[in-house]
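Participant: turn this into a model:
(one chain, ligands or ions: 1)
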Amino acid sequence: MSPSPVRSNVPGLLIVVEGIDGAGKSTQARRLAARLQKQGHEVVADREPTDGPWGRKLRESAVSGRMSLDDELQAFLEDRREHVRDVIGPALARGAVVLLDRYYFSTMAYQGVRGADTDAIRRDNEAFAPRPDLVLLVDFDPRIALQRIEHSRGDVPNTFERLDQLQAIRKIFLATAAGDATFRIIDGGDSPDEVAAAMEREVDGLLQRINSTK
Ligand code: TYD
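Facilitator: Numbering: from 1, shown residues only. Alright, predicted model coming up:
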């Protein structure tokens, strides 16, 4: 376990929601953003891949045919670089709560499964991307995730979303969480209300810790 992370000296807060496809993380991230807003925080809620040019290219490639691993890694890195420069960095500097649906832990997990070195991915990202104050890993059984994706969303599972891959992706997420004190594992198998409540408890805990050190 790494030591308790030192808070960066920017005034804002960076909270990340991670997890495999179909874990319900996007809905939960939106719900959490609305709650924080209600509490009076300036909230910047966003997702990766972004809706910028690199992110659009990546989303298209998930459907139309995957890029090579090197190209894909490069595209996620460029997408994130722009995101940090244009959105995340400025928001943190003015004291906002930035809530991200996926961040570089997804690159470690998803591109790691394709064979990339997860430690190198982490290093390359942390060279420019601010470290989160809290990572909420919505952990979920990939078999149920796939059923959800197929039946409730009506999607044809894309190439990112096959069972064996999701199992391997989950494993990397859990291994990353085990060695990082900023992670909290949320049981995505609970009801949506219970998942929301668990996430809220973790965020409240973070806000309390920060207020008590002010
Ligand atoms: P996702 O959040 O599932 O988008 P959508 O809501 O449009 O389905 O993200 C799209 C896919 O991108 C998802 O399968 C995970 C993958 N991904 C990576 O492979 N590496 C990354 O660094 C990120 C951020 C996402």
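Participant: extract the residue ranges of this structure that are flagged as low pLDDT.
Facilitator: Under the criterion pLDDT under 70, the flagged ranges of the chain are 1-9, 152-161, 214.
Participant: contact residues of it facing the ligand?
Facilitator: Applying Cβ under 6 Å from any ligand atom, one finds that the chain approaches the ligand through 21, 26, 47-49, 59, 62, 76, 101-102, 106-107, 110-111, 160. C-beta: built from backbone N, CA, C; applies to glycine.
Participant: can you tell me which of those comes closest to residue 127?
Facilitator: Residue 127 has its nearest neighbour among those in residue 107, at 13.1 Å by Cβ to Cβ.
Participant: report the buried members of the residues of the chain next to the ligand.
Facilitator: Buried members of the residues of the chain next to the ligand, counted by 16 or more other Cβ atoms under 10 Å: 21, 47-49, 76, 101-102, 106-107, 110-111, 160.
Participant: now, the residues you listed that are in helices?
Facilitator: Mapping those onto helices (DSSP state H) picks out 76, 106.
Participant: render the CA-only coordinates of the longest helix along the chain in PDB, please.
Facilitator: Criterion DSSP H: the longest helix present in the chain is helix 192-212. Only the C-alpha atoms of helix 192-212 are listed here, as PDB (Å, rounded to 0.1, in the frame of the first residue of the first chain):
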ATOM      1  CA  PRO A 192     -28.400   1.900  -7.500                       C
ATOM      2  CA  ASP A 193     -29.500   3.800  -4.300                       C
ATOM      3  CA  GLU A 194     -27.000   1.800  -2.200                       C
ATOM      4  CA  VAL A 195     -24.200   2.500  -4.700                       C
ATOM      5  CA  ALA A 196     -25.000   6.200  -4.600                       C
ATOM      6  CA  ALA A 197     -25.100   6.200  -0.800                       C
ATOM      7  CA  ALA A 198     -21.700   4.400  -0.600                       C
ATOM      8  CA  MET A 199     -20.200   6.900  -3.000                       C
ATOM      9  CA  GLU A 200     -21.600   9.800  -1.100                       C
ATOM     10  CA  ARG A 201     -20.200   8.500   2.200                       C
ATOM     11  CA  GLU A 202     -16.700   8.400   0.600                       C
ATOM     12  CA  VAL A 203     -17.000  11.900  -0.800                       C
ATOM     13  CA  ASP A 204     -18.300  13.200   2.500                       C
ATOM     14  CA  GLY A 205     -15.300  11.600   4.200                       C
ATOM     15  CA  LEU A 206     -12.900  13.200   1.800                       C
ATOM     16  CA  LEU A 207     -14.500  16.700   2.300                       C
ATOM     17  CA  GLN A 208     -14.300  16.200   6.100                       C
ATOM     18  CA  ARG A 209     -10.700  15.200   5.900                       C
ATOM     19  CA  ILE A 210      -9.900  18.300   3.800                       C
ATOM     20  CA  ASN A 211     -11.800  20.700   6.000                       C
ATOM     21  CA  SER A 212     -10.100  19.300   9.100                       C
END
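Participant: no further questions, thank you.
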